[in-house]
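Novice: A structural model of the following input is requested.
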Amino acid sequence: MADNSDIKAHVSTYQGVMNLLKWGTIGVGLLAALVIWLIH
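Specialist: Numbering: from 1, shown residues only. Okay, the predicted model is just below:
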């Protein structure tokens, strides 16, 4: 089994990646909406 410090590091990394994906998805959605609005 992994050490407790290893688990804390993995959880921290996982939360960072999930946060990046969340904000990246929101950003891409806003950018796509802007491009569609500019085209029309």
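
Novice: so for whatever helix or strand Leu31 lives in, what's the average pLDDT?
Specialist: Assigned by DSSP states H and E, Leu31 belongs to helix 4-39. The predicted model assigns helix 4-39 a mean pLDDT of 95.

Novice: so which bits of it are buried?
Specialist: Within helix 4-39, no residue is scored as buried using 16 or more other C-beta atoms under 10 Å. For every residue, glycine as well, the C-beta is placed using N, CA and C.

Novice: who are the packing partners of that helix?
Specialist: Contact here means 3 or more C-beta pairs under 8 Å, 6 or more residues apart in numbering; DSSP states H and E; on that basis helix 4-39 packs against no helix or strand.

Novice: tell me the gap between that helix and the middle of its chain.
Specialist: With C-alpha atoms, centre = their mean, to the nearest Å as the basis, helix 4-39 stands 1 Å off its chain's centre.

Novice: kindly report the same for stretch 31-40.
Specialist: For stretch 31-40, the distance to the chain centre is 22 Å (C-alpha atoms, centre = their mean).
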